[in-house]
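> Everything below, folded, please.
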Amino acid sequence: MNQVKELLAQKLSEKLDVEVSDEDIERPEPEHGDFAYPVMKAASQLGENPRKLAEELSEQLEEVDIVESVEVAGPGYLNFFLDRSVYGEEVVEGLESENFGVVQNDGSVLVEFSSPNIAKPMNVGHLRNNALGDSLRRILSFSGYDVTAENYIGDLGTQFGKVIYGHKNIDSNKNFEEEPIEYMLDIYVKFHELAEEDEEVEEEARAWAKKIEDGDDEAVRLWKKFREATLEYHKDEYDRLDIKFDRITGESKVFEEARELVESWVEEGKVERDDDGSIFYEFDDEEMPGVVLLKADGSTLYITRDLYNLKKRNEEGFDYNLYIVASEQELHFKQLFQVAEDMGIETEGSEHISYGMLQLPEGSMSTRKGLIIEQSEIFDKAVEMAEEKAEEEINRNLENAEAIGIGAVKYSNLSVSRKKDMEFNWDTALSFKGDSGPYLQYSNVRAKSILRKASSSGELGDDFDDAEYRLLKKLSEFPEKVEAAAEHREPAKIAHYLSELCEEFNGFYHECPVLDSGRESHRLKLVELFVDVTDKGLDLLGIQALEEM
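Here you go, the predicted structure:
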């Protein structure tokens, strides 16, 4: 637990007269102790021999109450072996507190994620974004932050002009009233087929897009119709995934203010119009490509609207402004933050939380050509495969295939470090026997089945055998894993930890009988702690913890 690391760091600082932080305290392999401190850095600062300094310190640190013994290893490692009974009490106290011992932070956080485009279904490209954004919302909130989750939808731009043009000029075998998303996707695809033969339709689509911003009655009426139908369609999918937003906004809510903001910079002499009336921003850094802030016809762009949004969120008082957006947009955010800084808009606390691309065995896709893999299709297939895998691997008919299939897809996306590209593997993602969502849920259910059979609750005793203590130590890591996940905006730290914890628990399960074992109360307490930690850990990943499978 962090309290123990802080205590050891404090005592080392006092003895060495050198600053030692809890981050300097390591968790070694079990045979080398419970915690360790490499003396080499401090010895270098003090001009001492690290091994000799470690030997001198070892005797002085054995007086700390929770420390049972200290050993010196290698060139100057201090390995601490704790009093297992005292440490057990510390762990229980932390994990049974309201926040599981997780340090609580101050500050308000805006988490922008999902952000689908109107007139299209969410596709596989949204899958990792939704999983990451929702998990970070949960992790940051659990870590004490006041979190606002915002779905900033893409509801302006030329693509909407294309849909309006298609609606007015292209025949479709789909019916808008019966299948609104399918209808809009169909005319969008057919528009691009038509545009390959007649370039003028692109100009007409741009004209319709401009009419939306200009407030043209017909354009706005059709735009609203398509927008509302898409939002309703997406709502069902968010409900299915248990994803919640505090507010749903969009580009259409800020484009007027965004235009006025850039126009004010022209009046102040900060930027200039080009001869065609557009506003192009060039950076002092020659390696940074310039960017258009306003089109010649006065239309806004993504970056224009993002600039106003950044200003708006600063005025709303958010301490952190997190954009969950794929790594493909790294240049966009570098340009956004640089323009903002040059124009006097505060960027401190604003972060692009980028993530790598997700590849499916089914291959790539193109919305323009109608080759699209919808997000809902992935979850449907996962649910179906969960039932098949359960029969094959654990010989069960699932009662919760929906929760297991969805959990499997979420876990596979969250367990890979977000900055890495990933390739989705159906077999490993849905397996009940490895590093997977179903494995975590199955381990959690297995522990709950023990508790249901017990006649009373558990209580830790004074002594631990090695298997019991290994499980206790792994449980004790939960708070620091959550804190690291919040600090680094990285749910994978919790996902990896839960996988390791479940592996440790299953080893304990096979090695240590719980009921009628002579150590029932003691071991029941460990099982209870495991259930509490995995219930909360799964929740932080947006995965449902089950009672039965």
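> Could you pull out the strands in this protein for me?
35-38, 67-73, 77-82, 108-112, 146-153, 247-250, 279-281, 291-294, 320-324, 350-353, 358-359, 422-423 (DSSP state E).
> Just put those strands in TSV and tack on mean neighbour count and distance to Asn99.
Quick note: C-beta positions are derived from backbone N, CA and C, even for glycine. Shown next, in TSV, are these (neighbours: other CB atoms under 10 Å; distance: least, CB to CB, whole Å):
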stretch	mean neighbour count	distance to Asn99
strand 35-38	22	22
strand 67-73	17	26
strand 77-82	21	23
strand 108-112	22	17
strand 146-153	21	15
strand 247-250	16	26
strand 279-281	18	45
strand 291-294	21	43
strand 320-324	23	19
strand 350-353	18	23
strand 358-359	17	32
strand 422-423	14	31
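> tell me the contacts of the residue most central in space within the chain?
Centroid-nearest residue in the chain: Leu132, 2.8 Å away (criterion: CA atoms, centre = their mean). Contact analysis of Leu132 by CB atoms under 8 Å, 6 or more residues apart in numbering lists 113, 324, 353, 355, 413-414, 418, 491.
> surely Val137 meets Leu110?
Wrong residue type there; residue 137 is Arg, not Val. No. Using CB atoms under 8 Å as the test, Arg137 is too far from Leu110 to be in contact (10.4 Å).
> still on that earlier bit, so of the contacts of Leu132, which two are at opposite extremes in space?
Largest separation among the contacts of Leu132 by CB to CB: Ile353 and Asn413, giving 14.0 Å.
> ok, Glu93 - how many residues close by?
Counted with other CB atoms under 10 Å, the neighbours of Glu93 add up to 12.
> how far away is it from Ala495?
26 Å (CB to CB, to the nearest Å).
> Make a markdown table from the strands of the chain and add distance to Ala429 and mean pLDDT to it.
Shown next, in a markdown table, are the strands of the chain (distance: least, CB to CB, whole Å; pLDDT from 0 to 100):
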| stretch | distance to Ala429 | mean pLDDT |
| --- | --- | --- |
| strand 35-38 | 35 | 96 |
| strand 67-73 | 40 | 94 |
| strand 77-82 | 38 | 96 |
| strand 108-112 | 25 | 98 |
| strand 146-153 | 26 | 98 |
| strand 247-250 | 30 | 96 |
| strand 279-281 | 44 | 97 |
| strand 291-294 | 39 | 97 |
| strand 320-324 | 21 | 98 |
| strand 350-353 | 23 | 98 |
| strand 358-359 | 12 | 82 |
| strand 422-423 | 11 | 86 |
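> Dump the ones you listed to JSON lines, plus distance to Val124.
Shown next, in JSON lines, are those (distance: least, CB to CB, whole Å):
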{"stretch": "strand 35-38", "distance to Val124": "43"}
{"stretch": "strand 67-73", "distance to Val124": "49"}
{"stretch": "strand 77-82", "distance to Val124": "47"}
{"stretch": "strand 108-112", "distance to Val124": "20"}
{"stretch": "strand 146-153", "distance to Val124": "18"}
{"stretch": "strand 247-250", "distance to Val124": "22"}
{"stretch": "strand 279-281", "distance to Val124": "34"}
{"stretch": "strand 291-294", "distance to Val124": "29"}
{"stretch": "strand 320-324", "distance to Val124": "16"}
{"stretch": "strand 350-353", "distance to Val124": "19"}
{"stretch": "strand 358-359", "distance to Val124": "6"}
{"stretch": "strand 422-423", "distance to Val124": "12"}
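> Which one of these lies nearest to Ala484?
Using CB to CB, those put strand 350-353 closest to Ala484, at 15.2 Å.
> where does the stretch 351-500 of the chain have low pLDDT?
The stretch 351-500 of the chain contains residues with pLDDT under 70 at 362-372.
> if you set the cut-off to 90 instead, what comes out?
357-378, 381, 385, 387-399, 422-434, 455 (pLDDT under 90).
> where do the helices sit along it?
Remark: helices assigned in the stretch 351-500 of the chain by DSSP state H, counting those that start in this stretch are 375-389, 401-414, 426-429, 437-453, 466-476, 478-488, 492-511.
> mind saving the C-alpha coords of the first one as CSV?
Right, the one you point to is helix 375-389. What follows is helix 375-389, C-alpha atoms only, in CSV (Å, rounded to 0.1, in the frame of the first residue of the first chain):
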residue,chain,number,x,y,z
GLN,A,375,-19.4,-1.2,-34.2
SER,A,376,-22.6,-3.0,-33.4
GLU,A,377,-21.6,-5.8,-35.7
ILE,A,378,-18.5,-6.4,-33.7
PHE,A,379,-20.4,-6.7,-30.4
ASP,A,380,-23.0,-8.9,-32.0
LYS,A,381,-20.3,-11.3,-33.2
ALA,A,382,-18.6,-11.2,-29.8
VAL,A,383,-21.8,-12.2,-28.0
GLU,A,384,-22.3,-15.1,-30.4
MET,A,385,-18.7,-16.2,-30.0
ALA,A,386,-18.9,-16.0,-26.2
GLU,A,387,-21.6,-18.6,-26.2
GLU,A,388,-19.6,-20.9,-28.4
LYS,A,389,-16.4,-20.4,-26.3
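> Show me the contact partners of that helix.
Taking CB under 8 Å, 6+ apart as the rule, helix 375-389 contacts 121-124, 126-127, 130, 237, 240-241, 360, 397-398, 401-402, 404-406, 408-409, 426, 429-432, 438.
> winner for burial among the helices of the stretch 351-500 of the chain?
Sort the helices of the stretch 351-500 of the chain by mean neighbour count, taking mean count of other CB atoms under 10 Å, and helix 401-414 sits at the top with a mean of 25.
> Kindly export it (C-alpha atoms) in CSV.
Written as CSV, here are the backbone C-alpha positions of helix 401-414 (Å, rounded to 0.1, in the frame of the first residue of the first chain):
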residue,chain,number,x,y,z
ALA,A,401,-23.5,-13.8,-23.1
GLU,A,402,-24.2,-10.1,-23.8
ALA,A,403,-22.2,-8.8,-20.9
ILE,A,404,-19.4,-11.3,-21.5
GLY,A,405,-19.1,-10.6,-25.3
ILE,A,406,-19.2,-6.8,-24.8
GLY,A,407,-16.7,-7.1,-21.9
ALA,A,408,-14.4,-9.2,-24.0
VAL,A,409,-14.2,-6.5,-26.8
LYS,A,410,-13.7,-3.7,-24.3
TYR,A,411,-11.0,-5.6,-22.4
SER,A,412,-9.1,-6.4,-25.6
ASN,A,413,-9.0,-2.7,-26.5
LEU,A,414,-8.1,-1.5,-23.1
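> Output the helices of the stretch 351-500 of the chain in TSV; the columns should cover distance to Ala545.
Below are these laid out as TSV (distance: least, CB to CB, whole Å):
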stretch	distance to Ala545
helix 375-389	16
helix 401-414	9
helix 426-429	18
helix 437-453	5
helix 466-476	16
helix 478-488	15
helix 492-511	11
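> So for Tyr152, which of the ones you listed sits nearest?
So among these, helix 375-389 is nearest, using CB to CB, at 17.9 Å.
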